[in-house]
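Asker: Pasted the sequence and its predicted model underneath.
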Amino acid sequence: MTDFLDATRAAYDVVAVSYEELLRDDLAANAPDRAVLGLFAECATGRVADVGCGPGRITAHLASLGVDAFGVDLSPGMVEVARARHPHLRFEVGSMTSPDLPDESLGGLVAWYSLIHVPPELHPEVLAGFFRVLEPGGHLLLAFQVGDERRDLTEGYGHRIDLTAYRLPPERIAAHLVDAGFEPRTTVVRAPEPREKTAQAYLIARKPG
C-alpha cells in the first residue's frame, strides 16, 4: 500500500514550482477559504501542523493570523519551494500516514486538500494518527472535494503526472472522525466556483479534553 505514497511524492515533485506559481494568490480571491481558516485559527491553540502543506501557502496564511504553524509534506520538491517562498517558517518532509510527532504535541492540525490522495480504506488509520498527535482540546481541519469517486490524473499544472485523487462524501468522513474519537464541530459545504468541478467541503473537529 506504499505505492500511492511513491506516486504522490513523484507527482508533486514534478509540479512543485508550477503549483506554487498558479496558486500563490488564490486565497486572496477565495473568501470562503479565508473564513474557514480564520475560524480554525480562532479555535486552535499551541503548535499547528499543516500536513500536506505543499508550497506552504496555507501555513503562511495561518501564521499571518497569529498561529504557530509549521508545514509537513511528502514531497521534498514541495518542501524546497515552501522553504524558499517562506524562509521565516518551518517546513519538513514527512507523511500523514505515519506522522513523526509525539503524542498530544499539537494544538491543531490541518489537512487542506491532502487527505484526498490517501486511499479511503486508510482514512480511519490516518485520522487515528491525527487524534494521537493532538492534545486534548486540539482541533483538526480537513478540506476536500465532495463526491464519492476515484480520479486518476495524467496531467496537472502543465506537466505529465501519475496521481490519484479521491472525491469524498462529508458524511462518511464525519463518521470516521467520530470513530477516531473526535467531536465534529463545524461542517461547511459550498457550491463550486467557476473553475471548480464539484462542491467543496470543510470539516472542523475537536479532540475531547
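Answerer: It's in.
Asker: show me where this structure has helices.
Answerer: Ranges of helices in the chain, per DSSP state H, are 3-23, 31-43, 57-64, 76-85, 123-133, 170-180.
Asker: Out of these, which gets nearest to residue 150?
Answerer: Nearest to residue 150 among the helices of the chain is helix 3-23 (10.9 Å), distances taken as Cβ to Cβ. Every C-beta, even on glycine, is put in place using the N, C-alpha and C of the backbone.
Asker: Show me what the closest one is in contact with.
Answerer: Contact with helix 3-23 is made by 54-55, 57, 73-78, 80-81, 85, 95, 97, 117-119, 153, 156-164, as judged by Cβ atoms under 8 Å, 6 or more residues apart in numbering.
Asker: relative to helix 31-43, how tilted is the longest strand anywhere in the chain?
Answerer: Assignment by DSSP state E gives strand 134-145 as the longest strand of the chain. Going by axes from the mean of the first three to the mean of the last three Cα atoms, to 10 degrees, strand 134-145 is angled at 180 degrees with respect to helix 31-43.
Asker: could you check the angle helix 123-133 makes with strand 134-145?
Answerer: 140 degrees.
Asker: got a list of what the residue lying closest to residue 118 once chain neighbours are set aside touches?
Answerer: Once flanking residues are discounted, residue 118 sits nearest to residue 126: 5.7 Å by Cβ to Cβ, 6 or more residues apart in numbering. Listed by Cβ under 8 Å, 6+ apart, the contact set of residue 126 reads 96-97, 115, 118.
Asker: So in the chain, where's the weakest helix or strand by average pLDDT?
Answerer: One helix or strand of the chain scores below all others by mean pLDDT, DSSP states H and E: strand 149-156, with a mean of 90.
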